[in-house]
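Chemist: Can you look at this prediction? I've put the sequence above it.
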Amino acid sequence: MRRLAAVIALMLLPTLAVGQDFSIKGHTLNETTAQFLAVEGHANKHLDKFGNGWIGGRKHSDLTGEFKNGSLVKLNIHLEPRSYEASKLAMTQRMGVPAIEREFPMFNRFGAKWSNYGARWDAVSACATLVIDNSPNNNQPPFLVVKVKSECDADNAKASTNPLD
């Protein structure tokens, strides 16, 4: 009964509205390189003359933005705190219940066992993927990738093609 109440509560949380761009750490998907640099300062830039490439954050060193034609199409972010559950809850509050959530049981040749976790959200204007690598050798926080919908669709099209064709 408590589980059902929790699911209903999650479904009622505010989600990313139609036409609304995802924003995090002062950045919004579809912002220009100039807007990105206004927040990050003189960041590490790797852009061609058409505005394609990436910019590493200076203010937020845990953030990288990818650009196409001078527009932010993808954000890669290491999240703090280091809790996957806290990050997942924050994303659920922003984008609704994840479309996909998975546990990946892992092990190494020394017999250590652990589980990695991943969740994916799909909205009208964006998609997001949150993953955590719980490997005994890894000390990284959860990793979030947020993309504009056109990038999500392009990735899905690539994934659905047969590599042998």
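Modeler: Ah, there it is. Numbers count the residues shown, from 1 in each chain.
Chemist: Only C-alpha atoms from now on, for both contacts and neighbour counts.
Modeler: Fine.
Chemist: In space, not sequence, find me the middle residue of the protein.
Modeler: With distances taken as CA atoms, centre = their mean, Val145 lies nearest the centre of the chain, 2.1 Å away.
Chemist: Name the nearest residue to that residue, sequence neighbours excluded.
Modeler: Nearest non-adjacent residue to Val145, counting by CA to CA, 6 or more residues apart in numbering: Asn76, 4.6 Å away.
Chemist: Strand partners (parallel or antiparallel) of the biggest strand by length in the chain?
Modeler: As assigned by DSSP state E, the longest strand anywhere in the chain is strand 113-122. Sheet pairing of strand 113-122 (DSSP bridges) gives strand 100-107 (antiparallel), strand 126-132 (antiparallel).
Chemist: That one: which residues count as buried?
Modeler: Neighbour-count burial for strand 113-122, counted by 16 or more other CA atoms under 10 Å, picks out 117-122.
Chemist: for stretch 36-51, same thing?
Modeler: 36-37, 39-40, 43, 47, 51.
Chemist: Stretch 121-141 now?
Modeler: Neighbour-count burial for stretch 121-141, counted by 16+ other CA under 10 Å, picks out 121-123, 125-135, 141.
Chemist: Farthest-apart pair in these, please.
Modeler: Ser125 and Ser135 (32.8 Å; CA to CA).
Chemist: burial measure for Asp155, as a count.
Modeler: Neighbour count of Asp155, defined by other CA atoms under 10 Å: 11.
Chemist: ok, now Val97?
Modeler: 22.
Chemist: Which of the three states applies to it?
Modeler: Secondary structure state of Val97, per DSSP: H, G, I helix; E, B strand; the rest coil, is coil.
Chemist: ok, it touching Asp122?
Modeler: No - contact criterion CA atoms under 8 Å: Val97 and Asp122 do not qualify, at 9.2 Å.
Chemist: and the buried residues of strand 113-122 as JSON lines, adding distance to Glu85 and pLDDT?
Modeler: Formatted as JSON lines, the buried residues of strand 113-122 follow (distance: CA to CA, whole Å; pLDDT from 0 to 100):
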{"residue": "Tyr117", "distance to Glu85": "10", "pLDDT": "94"}
{"residue": "Gly118", "distance to Glu85": "11", "pLDDT": "95"}
{"residue": "Ala119", "distance to Glu85": "11", "pLDDT": "96"}
{"residue": "Arg120", "distance to Glu85": "14", "pLDDT": "95"}
{"residue": "Trp121", "distance to Glu85": "15", "pLDDT": "94"}
{"residue": "Asp122", "distance to Glu85": "18", "pLDDT": "91"}
